[in-house]
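Trainee: Next comes the sequence, and after it the predicted model I'd like to discuss.
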Amino acid sequence: MKTTPRICTRKKRFATREAAEEVAARADVTLRAYKCELCHQYHLTSRTKGMKTPVHELAGRLNDLT
């Protein structure tokens, strides 16, 4: 995912993917973590097309099936 410098500076940064996904798991909307090519940290996005499904979403789907 390409992030412009303007967007990068406005977004919250996370040092690890795990930290970003922890916040995403508590959000009211579906969010995904991605590594920014500019700052080399992690941001969250609501865009999900072509992105890896986070562990917390997979666990939630398994719980729904049981």
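Mentor: Happy to help now that I have it.
Trainee: tell me the centre residue of this protein?
Mentor: By Cα atoms, centre = their mean, the chain has its centre lying nearest to Ala33, at 1.8 Å.
Trainee: What distance do you get for the closest residue in space to it that isn't next to it in sequence to Leu31?
Mentor: With Cβ to Cβ, 6 or more residues apart in numbering as the criterion, Ala33 has its nearest non-adjacent residue at 3.6 Å, and that residue is Ala20. Backbone N, C-alpha and C define where each C-beta goes, glycine included. In this view, Ala20 and Leu31 are 8 Å apart by Cβ to Cβ, to the nearest Å.
Trainee: Between those two, which has more neighbouring residues?
Mentor: Applying other Cβ atoms under 10 Å to Ala20 and Leu31 shows that Ala20 carries more neighbours, namely 23 against 20.
Trainee: Next, the more buried one: phi, psi?
Mentor: As for Ala20, its main-chain torsions (degrees, to the nearest 10) stand at phi -70, psi -40.
Trainee: now His43
Mentor: phi -120, psi 170.
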